[in-house]
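K.L.:
Need a 3D model of the sequence below.
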Amino acid sequence: MAGQRSIVICGGAFAGLALAVALRQGLGPDVAVIVADPALGMRPSRDPRATAIVAACRRLFETLGVWGQVAPTAQPITDMVVTDSKLQDATRPVFLTFAGNVAPGEPFAHMVENRHLIDALAARAEAEGVELRATAVSSYDARTDGISVTLADGTMVDASLLVAADGARSKLRERAGIATHGWEYDQSGIVVTVGHEREHNGRAEEHFLPAGPFAILPLTGNRSSLVWTETRKDAARIVALSDEEFHAELEQRFGLRLGEVKALDKPRAFPLGYFVARSFIAERLALIGDAAHVIHPIAGQGLNMGLKDVAALAEVVVDAARLGMDPGQADVLERYQRWRRFDTMAMGVATNSLNVLFSNESTLLRTVRDIGLGLVDRAPPLKEMFIRQAAGLSGEVPRLLKGEAL
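P.N.:
The predicted model follows:
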């Protein structure tokens, strides 16, 4: 019957692998779950980047049986401070501080190096019986009663659902004719890992500078991951500098609180934009992660938004299957879209507004935002609300994000 057909996931990064594990655990062995991505042939992962995993998404990974493998290399964020200044200012006054816990002993976020998390997810997927195919989805044919998926290695799969987890330039989204709306910013995010003399003690910092936020995110050891926003022209200039010239630019922004600082890998610049798919679903197709939405990194919520998609889609599909419904039918997918699209739009508007408010030279706007930050800092209930929002624990939270198995 239709409910026994496979589910195919195109994309083997965080969202695709996490969804595969969640579906396999929730649906049991009778439904084959296949992840197709050429990158699956390149293991262990060499991704040098790091990501902030908020409390709700940590609960998801814990429930899936992944967090135990990641925890030894994860750095809790125990404190966060927000400053606002010009680049040449001698001091950077702190306008907002956050304590790091959403519950006793539970930090609101951890910093995790991408390679450790990808490898742990792939290993868990294999252990659960997920089929990992180091090949791409080349085409598909959606019908009312199912979807035929053709892989680049020539394999054909008769499935009930195809999931696009293939990134911001999703070929499946394009093939389905789903348009996006949004815009590109005249900004790029520079990503680099740095070492420093003194311990960070789990403290994250976000310096709002006129070109955009300069975020210092703690990693294990005397290391931090930087997400450094500049205009596209300046970002291209900075990443092309010699090591000595780059160090001078880095030190000017990083400051001396943690002593001498040094880049540990080659800085890379990524263009920033805001894009949301006009629909998160098509016939027998669901979009998750960057295939569905890309937001500004100013609030550090991009990956976590994708993991919320994972938790919502997994819950919808598993609930439908237990009721004897076809998990790829239109009303099942519509429930997923209703659940996720409004939240995604709201977060996109919020991050865009923050970027407009903070990434400018206006003295008036700087005064207004600093007053606002100060008021939040002096209002514990409001601050607690922001912490829960940042931790992914506000609104209608899927079961996996609460730490509850499907």
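K.L.:
Determine the three-state secondary structure at the residue nearest the centre of the chain.
P.N.:
By Cα atoms, centre = their mean, the chain has its centre lying nearest to residue 303, at 0.6 Å. Judged by DSSP: H, G, I helix; E, B strand; the rest coil, the three-state class of residue 303 is helix.
K.L.:
Against residue 111, how distant is it?
P.N.:
12 Å (Cβ to Cβ, to the nearest Å). Quick note: C-beta positions are derived from backbone N, CA and C, even for glycine.
K.L.:
any residues in contact with both of those two?
P.N.:
Shared contacts of residue 303 and residue 111, defined by Cβ atoms under 8 Å, 6 or more residues apart in numbering, comprise 51, 52, 53.
K.L.:
how about the helices of the stretch 301-406 of the chain, start to end?
P.N.:
Listed in chain order, the helices of the stretch 301-406 of the chain (DSSP state H, counting those that start in this stretch) span 302-322, 330-358, 363-377, 380-390.
K.L.:
If you count neighbours, what's buried in stretch 184-199?
P.N.:
Buried residues in stretch 184-199, counted by 16 or more other Cβ atoms under 10 Å: 185, 187, 188, 189, 190, 191, 192, 193, 194, 195, 196.
K.L.:
From these, pick the one nearest residue 249.
P.N.:
residue 190 (9.5 Å; Cβ to Cβ).
K.L.:
does the closest residue to that closest one other than its chain neighbours sit in a helix, a strand or a coil?
P.N.:
Closest residue to residue 190 apart from its sequence neighbours, by Cβ to Cβ, 6 or more residues apart in numbering: residue 228 at 4.1 Å. Three-state assignment for residue 228 (three-state DSSP): strand.
K.L.:
For residue 228, give me its contacts.
P.N.:
189, 190, 191, 192, 214, 215, 253.
K.L.:
tally of neighbours for the last one?
P.N.:
Think residue 253. 16 (other Cβ atoms under 10 Å).
K.L.:
residues touching it, list them.
P.N.:
Here residue 253 is in contact with 87, 207, 209, 214, 228 (Cβ under 8 Å, 6+ apart).
K.L.:
Take the residues you listed and keep only those in strands.
P.N.:
With strands taken from DSSP state E, the overlap with those comprises 207, 209, 214, 228.
K.L.:
Could you find the lowest-pLDDT member of these?
P.N.:
The pLDDT minimum for the ones in strands among the contacts of residue 253 sits at residue 209, where the score is 84.
K.L.:
so can I have a markdown table of the contacts of residue 228 showing secondary structure and distance to residue 58?
P.N.:
Shown next, in a markdown table, are the contacts of residue 228 (DSSP: H, G, I helix; E, B strand; the rest coil; distance: Cβ to Cβ, whole Å):
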| residue | secondary structure | distance to residue 58 |
| --- | --- | --- |
| 189 | strand | 23 |
| 190 | strand | 26 |
| 191 | strand | 22 |
| 192 | strand | 25 |
| 214 | strand | 25 |
| 215 | strand | 19 |
| 253 | helix | 29 |
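K.L.:
now the helices: where do they sit in the stretch 151-300 of the chain?
P.N.:
171-175, 232-239, 243-254.
K.L.:
Nearest to residue 133, out of those?
P.N.:
Per Cβ to Cβ, nearest to residue 133 of the helices of the stretch 151-300 of the chain: helix 171-175, 15.2 Å.
K.L.:
Could you export the closest one as CSV, keeping only the C-alpha atoms?
P.N.:
This file holds the C-alpha atoms of helix 171-175, laid out as CSV (Å, rounded to 0.1, in the frame of the first residue of the first chain):
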residue,chain,number,x,y,z
LYS,A,171,17.3,22.0,-7.8
LEU,A,172,14.1,20.1,-6.6
ARG,A,173,12.5,23.4,-5.6
GLU,A,174,13.3,24.8,-9.0
ARG,A,175,12.0,21.6,-10.8
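K.L.:
Could you shift the numbering so residue one becomes 47, and keep it that way?
P.N.:
Sure, I'll start numbering at 47, so the last one becomes helix 217-221.
K.L.:
Output the contacting helices and strands for it.
P.N.:
Counting contacts by 3 or more Cβ pairs under 8 Å, 6 or more residues apart in numbering; DSSP states H and E, helix 217-221 packs against strand 183-189, strand 202-210, strand 331-333.
K.L.:
Quick one: mean pLDDT over the last one.
P.N.:
Spelled out, that is strand 331-333. 98.
K.L.:
That strand pairs with which strands, parallel or anti?
P.N.:
strand 202-210 (parallel), strand 327-328 (antiparallel) (DSSP bridges).
K.L.:
Kind regards, and thank you for your time.
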